[in-house]
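**Student:** curious how this folds, go ahead:
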Amino acid sequence: MTPGGRWGPDSRPASRGRGNRVRPQSHTAGRRTGIVVETPALGARHQRTVDGLRSLGVTTSPESMADFPRLYSELADWWPLLSAPDDYAEEAHIYGEVLTRASWNPVRTVLELGSGGGNNASHLKARFRMTLVDRSPGMLRVSRRLNPECEHLLGDMRTLRLGRMFDAVFVHDAVAYLTSLDEIRSAMRTAYVHCAPGGAALFVPDDTRETFAPSTGHGGHDGHDRGLRYLEWTSDPDPHDTTYVTDFAYLLRDGADVSVLYDRHVCGLFSRAEWLDALGEVGFESRHEEAALSGGERIQLFVGVKA
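**Tutor:** Numbering: from 1, shown residues only. Here you go, the predicted model:
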């Protein structure tokens, strides 16, 4: 599952491309995600893991696990060590070009829904005035440090109503956390009501049903006296439903202390036709594009223009 986006055909080092970044956007659909710290059967080892996480400032209460994968809640401050802003430069340039080309009018203001840690915005803010919205207070805190000049708002992409319009709306891979077409349409309605006439909305899911393939990946970065490494494993346990899962194992190093944490991310999987139909149902003129990154990865772009 991505960090900005996609996962590679097999494990690759954490530089760029499928499988080397973890999904930056944290806009989960408000459901439990099956996250555990260790299996209770491990007994004393389990307790040592919990104690170690607490020593790193990581909350381990059940309430903290309810609405988000841990990566976007109590581990949010570790996000920059998992997915670095520099990894987003190439694709952020593509997104900016698509929004500019698709819109009928000049694009000066952009609303980003599910903006997460702000990695895309750190590049897009050079050409647009960005308003960043996410459901995770922790990820907004990370983004504010990276993008202090941008407006940040706490909100849900399915229900947000700001009472104002923007020249364009951008929804990166946070949209992958919406696991039903009803939720997808709700997010698209939010984009539609905030998009000025002649403006464009861009949705970038990790995968479509046509492009999905099981995969593994790994990565991470070091900071000052702290470091993070992860393993991820993406699979589709039930090909007949509309979801797939990515399971993560994180190694968190703080000084000499190292702890391990497990995290499950549940994501939606829909066909290109379903994405395009949903855009049309909420009022957009829709089209699908693909873009190639320098590493060979192909990004799926769903564009809606508000007539």
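**Student:** the stretch 151-300 of the chain: helices as residue ranges?
**Tutor:** 181-194, 272-281 (DSSP state H, counting those that start in this stretch).
**Student:** JSON lines for those helices, including mean pLDDT, mean neighbour count and distance to Pro214?
**Tutor:** Every residue, glycine included, has its C-beta placed from N, CA and C. Below are the helices of the stretch 151-300 of the chain laid out as JSON lines (pLDDT from 0 to 100; neighbours: other C-beta atoms under 10 Å; distance: least, C-beta to C-beta, whole Å):
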{"stretch": "helix 181-194", "mean pLDDT": "98", "mean neighbour count": "21", "distance to Pro214": "23"}
{"stretch": "helix 272-281", "mean pLDDT": "98", "mean neighbour count": "17", "distance to Pro214": "20"}
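**Student:** possible to save the ones you listed as CSV with distance to Trp104?
**Tutor:** Shown next, in CSV, are the helices of the stretch 151-300 of the chain (distance: least, C-beta to C-beta, whole Å):
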stretch, distance to Trp104
helix 181-194, 15
helix 272-281, 16
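**Student:** please look at Val175 and Gly114 and confirm they touch.
**Tutor:** Yes. Contact criterion C-beta atoms under 8 Å: Val175 and Gly114 qualify, at 6.4 Å.
**Student:** so for those two, which residue has more residues nearby?
**Tutor:** For Val175 versus Gly114, neighbours defined as other C-beta atoms under 10 Å are more numerous around Gly114 (29 against 25).
**Student:** partner residues bridging the nearest residue to Gly227 once chain neighbours are set aside?
**Tutor:** Excluding its sequence neighbours, the residue lying closest to Gly227 (C-beta to C-beta, 6 or more residues apart in numbering) is Arg253, at 4.3 Å. Note on Arg253: beta-bridge partners by DSSP bridges are Gly227, Val258.
**Student:** neighbours of Gly295, how many?
**Tutor:** Gly295 sits with 13 neighbouring residues when counted by other C-beta under 10 Å.
**Student:** where does it sit relative to Ile94, distance-wise?
**Tutor:** Using C-beta to C-beta, to the nearest Å, Gly295 is found at 13 Å from Ile94.
**Student:** and for Asp206?
**Tutor:** With distances taken as C-beta to C-beta, Asp206 is found 15 Å from Ile94.
**Student:** quick one: which of these two has more around it?
**Tutor:** For Asp206 versus Ile94, neighbours defined as other C-beta under 10 Å are more numerous around Asp206 (29 against 17).
**Student:** hmm, the more buried one is touching Phe270, no?
**Tutor:** No. Assessed by C-beta under 8 Å, Asp206 is found out of contact with Phe270, at 11.2 Å.
**Student:** and of the helices of the stretch 151-300 of the chain, who's closest to Met157?
**Tutor:** Among the helices of the stretch 151-300 of the chain, helix 181-194 comes nearest to Met157, with 4.6 Å by C-beta to C-beta.
**Student:** and for that closest one, what's in contact with it?
**Tutor:** 29, 111, 113, 157-162, 164-166, 169, 171, 175, 178, 201, 203, 242, 268, 270, 274-275, 278-279, 281-284, 304, 306 (C-beta atoms under 8 Å, 6 or more residues apart in numbering).
**Student:** can you rerun that using 7 Å?
**Tutor:** Residues outside helix 181-194 that contact it (C-beta atoms under 7 Å, 6 or more residues apart in numbering) are 29, 111, 113, 157-158, 160-162, 165-166, 169, 171, 175, 178, 201, 270, 274, 278-279, 281-284, 306.
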